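Trainee: can't give you the sequence, but here's the structure:
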């Protein structure tokens, strides 16, 4: 029997999730925040695939959730990078602290 | 210790180490390169879990498309230097505390759940993750979300062009 315990894979995905969350909290560079977001989405993908393989090994629902998450992440990255380019054009910086006009 | 276990530990350590390095490295270009290492190791996990098509799609879409877009933007904005302005140590501390508390809660939650304790995910059985089976299910059960995602891509493309153009 060579199988990986579900606990270990879940721990990897949870650790990836919180590394991404820490990056989203602490970094102020918009590109790095977007990269942390991609880390979070990938950890969710691992969770979907693991639970699919553990609960229903002959079905494909979790895999399709992961594939749709990947497509949505691609669309989201394109729109976010357009926003970042626009922000850079108007503020000459992609630090989120510089874009604070909408707070007031 | 079988081969798949050794591969699993190697890929996990690689993924976590390079995910930490993404956040540690000051240069955004180095962050992107470490993130590509994370994506390759996650694809290795998918291969271990018999999701071959998903592994290939992960490499193509993430490492091939999204990361190239990131690198392009970073080089376009001339950010390839140390460009992290101020380091607020309180913000780091609170990030560690809040992230660590939630992490502990989640870990203890799945460690104490009897359903998944000592269970193993099934490895190397069957070819259910190959593209033939995936295509059959995709155009049968998931045809409607598939078409919806094409509309999503169209609207994302239009939105990116509209946001990014000069007025």
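Mentor: Received it, and whenever you're ready, just let me know what you need. These numbers were taken from a predicted model, which means no experiment stands behind them. Numbering: from 1, shown residues only, chains lettered A, B, ... in the order given.
Trainee: run a quick neighbour tally on residue A:30.
Mentor: Residue A:30 has 20 neighbouring residues, counting by other C-beta atoms under 10 Å in any protein chain shown. The C-beta positions use only the backbone N, C-alpha and C, and glycine is treated the same way.
Trainee: the helix or strand hosting residue B:34 near chain A at all?
Mentor: Taking DSSP states H and E as the criterion, residue B:34 maps to helix B:28-48. Yes: for helix B:28-48 and chain A, the contact criterion (C-beta under 8 Å from any C-beta of the partner chain) is met by B:28, B:31, B:32, B:35, B:38, B:39, B:42, B:45, B:46, B:48.
Trainee: same thing with stretch B:138-152?
Mentor: Yes: counting by C-beta under 8 Å from any C-beta, contacts between stretch B:138-152 and chain A involve B:138, B:142, B:145, B:149, B:152.
Trainee: buried residues, that stretch. List them.
Mentor: B:138, B:142, B:145, B:149, B:152 (16 or more other C-beta atoms under 10 Å in any protein chain shown).
Trainee: ok so, going back, what residues sit buried inside the next helix or strand after the helix holding residue B:34?
Mentor: Next in sequence after helix B:28-48, counting helices and strands by DSSP H and E, comes helix B:52-58. For helix B:52-58, burial by neighbour count (16+ other C-beta under 10 Å) applies to B:52, B:53, B:54, B:55, B:57, B:58.
Trainee: likewise for stretch B:93-105?
Mentor: For stretch B:93-105, burial by neighbour count (16+ other C-beta under 10 Å) applies to B:95, B:99, B:103.
Trainee: intersect those with the contacts of chain A.
Mentor: B:95, B:99, B:103.
Trainee: related to what we said a few turns ago, which one of the buried residues of stretch B:93-105 is nearest to residue A:61?
Mentor: residue B:103 (27.3 Å; C-beta to C-beta).
Trainee: mind checking pLDDT for the closest one?
Mentor: At residue B:103, the model reports a pLDDT of 86.
Trainee: show the pLDDT at residue A:72.
Mentor: So residue A:72 comes in at 92 (pLDDT).
Trainee: ok, the residue of chain B found nearest chain A - contacts?
Mentor: Closest approach of chain B to chain A (C-beta to the nearest C-beta) occurs at residue B:120, with a separation of 2.9 Å. Going by C-beta atoms under 8 Å, 6 or more residues apart in numbering or on different chains, residue B:120 touches A:1, A:3, A:4, A:5, A:6.
Trainee: thank you, goodbye.
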